[in-house]
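Asks: Sequence and predicted structure, then a few things I'm wondering about:
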Amino acid sequence: MSRHSFIVHGKLALPYQYFAGSLGSKFIRALRDEKRIFGTKCNKCNTVYVPPRSLCDRCFLDIRDNIQDVSNEGTVITYTVVNHYEDHYPCKPPFILGLIKLDGATTPMVHIIKNAPIDKMKANVRVRAVFSREPQNTILNISHFEPVDYSVFERGYTYEELEIGMSASFTKTITETDVYLFAGISGDFNPMHVNEEYSKHAIFGKRVAHGVVPQSLIAPVLGTKLPGLGTVAIEINTRFKRPTYFGDTITAIATVKEKIEEKKWVKMDLRFINQRGEIIAKGEAVVMPPTG
Ligand SMILES: [Zn+2]
């Protein structure tokens, strides 16, 4: 660059008006006045464009007059969570921006998804359009989309959604009550669990919990967290390393270790740790995750 050149920093204001076009205006009016969503259909390739387009970009046919209504409900193809803020955004972050394919449409449209738990959001959730109360002159005549059925957020992770390394845990203090209840359930009144005087002279020096009492803490992890609701346990193997004393607080941790493609099952690594950070047991589980 010549040393006689200068760089002048400044801001350029660029006010503009955008004409939605005759078809775009018709689309916005239908949203505003009739709460109706339509697309345009190409009769040659059967593509239904939503929002509508004048031309089929596959066949180059003029399709502006071939209006076709589509449903106010659709499926989230994918989504992103917006965490930064710009002045022109219609709502404050964080919010979900979804790619939504309405029933009857071929092409998906982008819109905001509200009233959905951000941390539990996933693809394939069914959503419906919520129309704005105040008339707008943009696509915001649809204020946002919201889930049709919230039970989908309770369902656990499917085989496809699970990734190696995903992890979840559950923690509970094992009390004398737990041990005596389990003795009653199982009939295992072994004195090492229920007789303190006997246990003083036995291997651990005091009463200990049955091994399956801490081991059973993996059930709420697999069944309600990871993979979660809908999971069926196929096999659980545990190797005990240390005893669990009354009052010990045990954390059961499950981590996705391997995906078994031919069965659509998942192998989970299991670890059980006490409040002193000692591993009391290790193991492996094979589970069948819920299907979508
Ligand atoms: Zn076409």
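Replies: Looks like it arrived, so ask away. For clarity, every value in this text was computed on a predicted model and none was experimentally measured.

Asks: pull the CA atoms of stretch 89-109 into CSV?
Replies: The C-alpha trace of stretch 89-109 is given here as CSV (Å, rounded to 0.1, in the frame of the first residue of the first chain):
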residue,chain,number,x,y,z
TYR,A,89,-34.2,-10.3,16.8
PRO,A,90,-37.8,-10.7,17.7
CYS,A,91,-37.0,-12.2,21.1
LYS,A,92,-34.3,-12.4,23.7
PRO,A,93,-31.8,-15.2,23.7
PRO,A,94,-31.4,-18.0,24.5
PHE,A,95,-34.0,-19.2,22.1
ILE,A,96,-34.5,-22.1,19.7
LEU,A,97,-34.4,-21.6,16.0
GLY,A,98,-35.9,-24.6,14.2
LEU,A,99,-36.0,-25.9,10.7
ILE,A,100,-39.6,-27.0,10.5
LYS,A,101,-41.2,-29.1,7.8
LEU,A,102,-45.0,-28.5,7.9
ASP,A,103,-47.2,-31.4,7.0
GLY,A,104,-47.9,-31.2,3.2
ALA,A,105,-44.8,-29.2,2.5
THR,A,106,-41.6,-30.5,0.9
THR,A,107,-39.3,-27.7,1.9
PRO,A,108,-38.7,-26.7,5.6
MET,A,109,-39.0,-23.2,6.9
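
Asks: which residues touch that stretch?
Replies: 37, 39, 46-51, 68-85, 110-114, 116, 118, 121, 127, 129, 140, 144-145 (CB atoms under 8 Å, 6 or more residues apart in numbering). Yep, even glycine has a C-beta here, placed from its N, CA and C like the rest.

Asks: Output the set of residues of the stretch 1-150 of the chain in proximity to the ion.
Replies: Contact residues, the stretch 1-150 of the chain versus the ion (CB under 5 Å from the ion): 42, 44-45, 56, 58-59.

Asks: Please pick the buried ones from those.
Replies: With neighbours counted by 16 or more other CB atoms under 10 Å, these contain buried members at 42, 56.

Asks: ok, the residues of the stretch 1-150 of the chain next to the ion vs His4, which is closest?
Replies: Checking those against His4 with CB to CB, the nearest one is Arg58 at 53.5 Å.

Asks: Wasn't that closest one part of a strand?
Replies: No: Arg58: not assigned to a strand; according to DSSP: H, G, I helix; E, B strand; the rest coil it is coil.

Asks: Generate a ChimeraX selection restricted to the buried entries among the contacts of stretch 89-109.
Replies: Of those, the buried ones can be selected in ChimeraX as follows, counting by 16+ other CB under 10 Å:
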select :37,39,47,48,49,50,51,70,72,73,74,75,76,79,82,111,112,113,116,121,127,129,140,144,145
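
Asks: about what we covered before: tell me the two of the residues of the stretch 1-150 of the chain next to the ion that are most distant?
Replies: Pairwise distances across these (CB to CB) peak at 8.2 Å, for the pair Lys44 and Arg58.

Asks: Next up, phi/psi of Ala202, please.
Replies: Per-residue torsions, Ala202: phi -90, psi -180 (degrees, to the nearest 10).

Asks: Need the nearest residue in space to it, chain neighbours excluded.
Replies: Met192 (5.4 Å; CB to CB, 6 or more residues apart in numbering).

Asks: Any buried residues in the helix or strand harbouring that neighbour, and which?
Replies: Per DSSP states H and E, Met192 falls inside helix 191-194. Neighbour-count burial for helix 191-194, counted by 16+ other CB under 10 Å, picks out 192-193.

Asks: by contact count, what packs against it?
Replies: Under the contact criterion of 3 or more CB pairs under 8 Å, 6 or more residues apart in numbering; DSSP states H and E, helix 191-194 touches helix 176-186, helix 196-200.

Asks: Which among those helices is found nearest to Glu154?
Replies: helix 176-186 (27.0 Å).

Asks: Name the residues of that closest one that are buried.
Replies: 178-179, 182-183.

Asks: Dihedrals phi and psi, Pro289?
Replies: phi -70, psi 160.

Asks: Name whatever forms a beta bridge with Gln68.
Replies: Taking DSSP bridges, one obtains Gly39 as the residues bridged to Gln68.

Asks: contacting residues for it?
Replies: Contacts of Gln68 by CB under 8 Å, 6+ apart are 38-41, 48, 104.
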